[in-house]
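Enquirer: here is my input; please provide its structure:
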Amino acid sequence: MSKKQGSLQGNGRFSAKRKSAAVLRLLRGEDLDLLSREYKVTAAKLSQWRDAFLSGGQAGLPKGADAPDGQIEKLQAKVGELTMANDLLEHKIDRLEQDLPLPTRRSKP
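Expert: Purely as a prediction, here's the structure:
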């Protein structure tokens, strides 16, 4: 019996490398039943390996890539404020260039 077959039939334990190889084959579209027969494990076990593999992959992705919704809203509000301020300044510049008086502000009672 070869070493490869011995590792498949031995005590039923698989290294992380062998599990990853099986899961990658599964994710590439190979048939679950055929893989389970080849690896001599149940389809449920292969599915568990796949789910654990995908969970680990998600955990390993950087979280800073996605900005939190609150931060996006703050930045959008800031852009809105700056846009309004620019519009007001452009209006003031136009009035000054035309030698028109600037509107006076009334104080609130």
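Enquirer: where does this structure dip in pLDDT?
Expert: 1-12, 63-67, 109 (pLDDT under 70).
Enquirer: mind listing the helices for this structure?
Expert: All helices of the chain, identified by DSSP state H, fall at 3-9, 16-27, 32-39, 43-60, 69-97.
Enquirer: in JSON lines: those, plus distance to residue 106.
Expert: From N, CA and C alone the C-beta is placed, and that goes for glycine too. Compiled in JSON lines, these are given as follows (distance: least, Cβ to Cβ, whole Å):
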{"stretch": "helix 3-9", "distance to residue 106": "86"}
{"stretch": "helix 16-27", "distance to residue 106": "68"}
{"stretch": "helix 32-39", "distance to residue 106": "75"}
{"stretch": "helix 43-60", "distance to residue 106": "58"}
{"stretch": "helix 69-97", "distance to residue 106": "17"}
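Enquirer: possible to save those as JSON lines with distance to residue 103 and mean neighbour count?
Expert: Shown next, in JSON lines, are these (distance: least, Cβ to Cβ, whole Å; neighbours: other Cβ atoms under 10 Å):
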{"stretch": "helix 3-9", "distance to residue 103": "84", "mean neighbour count": "11"}
{"stretch": "helix 16-27", "distance to residue 103": "66", "mean neighbour count": "15"}
{"stretch": "helix 32-39", "distance to residue 103": "74", "mean neighbour count": "14"}
{"stretch": "helix 43-60", "distance to residue 103": "56", "mean neighbour count": "13"}
{"stretch": "helix 69-97", "distance to residue 103": "8", "mean neighbour count": "10"}
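Enquirer: how does the protein divide into domains?
Expert: With domains defined by automatic domain parsing, the chain comprises 3-63, 67-109.
Enquirer: re the thing from before, the helices of the chain: which one's closest to residue 104?
Expert: Evaluated over those, closeness to residue 104 peaks at helix 69-97, with 12.3 Å, by Cβ to Cβ.
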